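Enquirer: no FASTA, just this:
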C-alpha cells in the first residue's frame, strides 16, 4: 500500500490532493452553513431573489438584472450595458435550468467549491516555492483563519470567484512547464478580468514574470508561450470590444465607467459630490460630515480656501441634505446646477491652495484607511454598534489580518537586507502592492473587500517570512 503520510508531521503529504481538497471542502461548507445561518440578509421583500440562501449587496443586481432582461427580451445588448459579463455568464447558464433564487444558490455553491480547490493550489504553490512541505500546512491553516475570504463565498458578488481565479492563474503560471498550463493561467486570469477589470494590468505582471523565468528559451518559443497565454484574453476582449461598438457605438477596453450609470445622471450631482469628498480627504463611501446631521462627526480637514470658508461649507452641507427632500422638480434642478458648480469649484480650490494635502496627505490617509479597516466589516458592521459579546472574537480575527499586513510591509525591507532574491516573491509583492495602490491611491477607496483577492497571497508572503525567520533562529542556535 502506498504510504501517503508524512509521519514527522503526522499529516498527509501535500501531494495527496484528494485528502486536502476534501478537507478544504469540509471546512468551506462548514463555513458556508455557518454564514448562511447567521449572515444571510434576505427577507421576503427582497426583489428577484426571495429564496436566496446567502448575502445580497446593492451591487448584486447590477450583475444579474441585465441577464434577466436578456432572457426576457432575447437582446444581447444587455451584456454590454455596464458590467463586464464574467459574473453574469455563469448565472445566465444556470438560469436556463433554474429560477433566479435557485440559480443564485447554485452559483454560490460553485463559488465555494472552486474556492476550496484554490486553497489546495495556494498551499501547494507555497510549499513548492519554499521547497518546504511544512509551509503547505501553515498556509492552509492561515487561509482558513482569514475568515472574511470564506465569508464572500456566500455573497453574490465577484470577490469569491475572482480570488479563486487569481490563485489558480498564478499557480499555473508558476508551474508553466506545458502549453496547457500556460493556456489555463491565461484563461483563469481572463475570467478574473471579466469579473473585475482592475485585474487587467496583471497581464503585464504575468508576462514580465514568465519572460524573466524563461529568458534562456529561444525568442520564438517564448513568443509562442506569451501568445498561448493571451489567447483567452484576446478572445473575450474581442467579443467585448465588438459588442460595445455594436451596441454603444464606442470601443471600451473594460467597463465604460467605474461607477454605475445611476451615478452619472446629469440631474443629480452624485459624481461631483464623490469627487469633492475625495479631494477634501473624506471617506466618500460612508456617512460623513457633509451628509449627516450627527454633530459628533469630525469636521473636514480643510475648512478654508481662497473661495470658501467654514460658513460656506455649512451652507453646502445644508443644501446637500435638503436636496433629497425637495419635491418640486424645477427647484430641484436649479439647486442641482448650483451644487455641481460649488462642488467643482471647491474641489479645484483645494487642489490649488493645498497641493500638499491633495497630493500627499490625502493619499496617505486613504492608504491608512484601507489598511486598518476591519477585514470583518461586511460581516459585523461598525465595532461601536455590534454585539459586545462578539467583539473580542471579531478583534482576534481582525488582528490576524493586521499582523499579516504588518509582516508583509516589513518583509520587503528584510528581503533587501538579506539579499535573498526570488522572482516569484517579487511577483507576489508586486501584485499585493498594486491592489493597495490602485484602490486606495487611484480609486481613493477605503473598502478593504477590494483587497480580498490578494489576502491569500499575503498569507503566502507571511509564510515566507515566518519560514525565513525560523531558519535564522535555527542557524543562530547552531552557532
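Expert: Nice, thanks for sending it over. Just so it is clear, the model here is predicted, and its values are computed rather than measured.
Enquirer: now the helices: where do they sit in the stretch 1-150 of the chain?
Expert: Using DSSP state H, counting those that start in this stretch, the helices of the stretch 1-150 of the chain run over 17-39, 60-73, 88-95, 100-130, 133-145, 147-151.
Enquirer: Let me have the ones you listed in a markdown table, adding mean pLDDT, distance to residue 54 and mean neighbour count as columns.
Expert: The way it works is simple: take the backbone N, C-alpha and C, and place the C-beta from them, glycine included. Formatted as a markdown table, the helices of the stretch 1-150 of the chain follow (pLDDT from 0 to 100; distance: least, Cβ to Cβ, whole Å; neighbours: other Cβ atoms under 10 Å):
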| stretch | mean pLDDT | distance to residue 54 | mean neighbour count |
| --- | --- | --- | --- |
| helix 17-39 | 96 | 6 | 16 |
| helix 60-73 | 93 | 10 | 17 |
| helix 88-95 | 96 | 13 | 18 |
| helix 100-130 | 96 | 5 | 22 |
| helix 133-145 | 93 | 19 | 20 |
| helix 147-151 | 96 | 10 | 22 |
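Enquirer: Adding distance to residue 268 as columns, could you present those in CSV?
Expert: Formatted as CSV, the helices of the stretch 1-150 of the chain follow (distance: least, Cβ to Cβ, whole Å):
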stretch, distance to residue 268
helix 17-39, 32
helix 60-73, 17
helix 88-95, 26
helix 100-130, 29
helix 133-145, 42
helix 147-151, 33
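Enquirer: any weak-confidence spans in this structure?
Expert: Along the chain, segments meeting pLDDT under 70 span 1-10, 414-421, 476, 479.
Enquirer: Would you tell me which of the helices of the stretch 1-150 of the chain gets closest to residue 388?
Expert: helix 17-39 (16.5 Å; Cβ to Cβ).
Enquirer: Against which helices or strands is that closest one packed?
Expert: helix 100-130, helix 133-145, helix 147-151 (3 or more Cβ pairs under 8 Å, 6 or more residues apart in numbering; DSSP states H and E).
Enquirer: Make CSV from those helices and add distance to residue 246 to it.
Expert: Conversion of those to CSV gives the following (distance: least, Cβ to Cβ, whole Å):
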stretch, distance to residue 246
helix 100-130, 27
helix 133-145, 42
helix 147-151, 38
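Enquirer: Contacts for stretch 130-144 next, please.
Expert: 6, 9, 11, 13-14, 20, 24, 27, 31, 119, 122-124, 126-127, 129, 149-150, 400, 404, 456, 459-460, 462-464, 466-467 (Cβ atoms under 8 Å, 6 or more residues apart in numbering).
Enquirer: make it 6 Å
Expert: 14, 27, 119, 123, 126, 127, 456, 459, 463, 467 (Cβ atoms under 6 Å, 6 or more residues apart in numbering).
Enquirer: Any chance of the residues you listed in JSON lines with distance to residue 137 as columns?
Expert: Output for those, formatted as JSON lines (distance: Cβ to Cβ, whole Å):
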{"residue": "14", "distance to residue 137": "8"}
{"residue": "27", "distance to residue 137": "13"}
{"residue": "119", "distance to residue 137": "12"}
{"residue": "123", "distance to residue 137": "8"}
{"residue": "126", "distance to residue 137": "10"}
{"residue": "127", "distance to residue 137": "9"}
{"residue": "456", "distance to residue 137": "15"}
{"residue": "459", "distance to residue 137": "12"}
{"residue": "463", "distance to residue 137": "10"}
{"residue": "467", "distance to residue 137": "12"}
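Enquirer: among those, which two are most distant?
Expert: Most distant of the contacts of stretch 130-144, by Cβ to Cβ, are 27 and 467, 23.1 Å apart.
Enquirer: which stretches of the chain form strands?
Expert: Remark: strands assigned in the chain by DSSP state E are 5-6, 11-12.
Enquirer: out of the helices of the stretch 1-150 of the chain, which comes closest to residue 339?
Expert: Nearest of the helices of the stretch 1-150 of the chain to residue 339, taken as Cβ to Cβ: helix 60-73 at 25.3 Å.
Enquirer: And that closest one, what does it pack against?
Expert: helix 88-95 (3 or more Cβ pairs under 6 Å, 6 or more residues apart in numbering; DSSP states H and E).
Enquirer: if we go to 10 Å?
Expert: Here helix 60-73 touches helix 88-95, helix 100-130, going by 3 or more Cβ pairs under 10 Å, 6 or more residues apart in numbering; DSSP states H and E.
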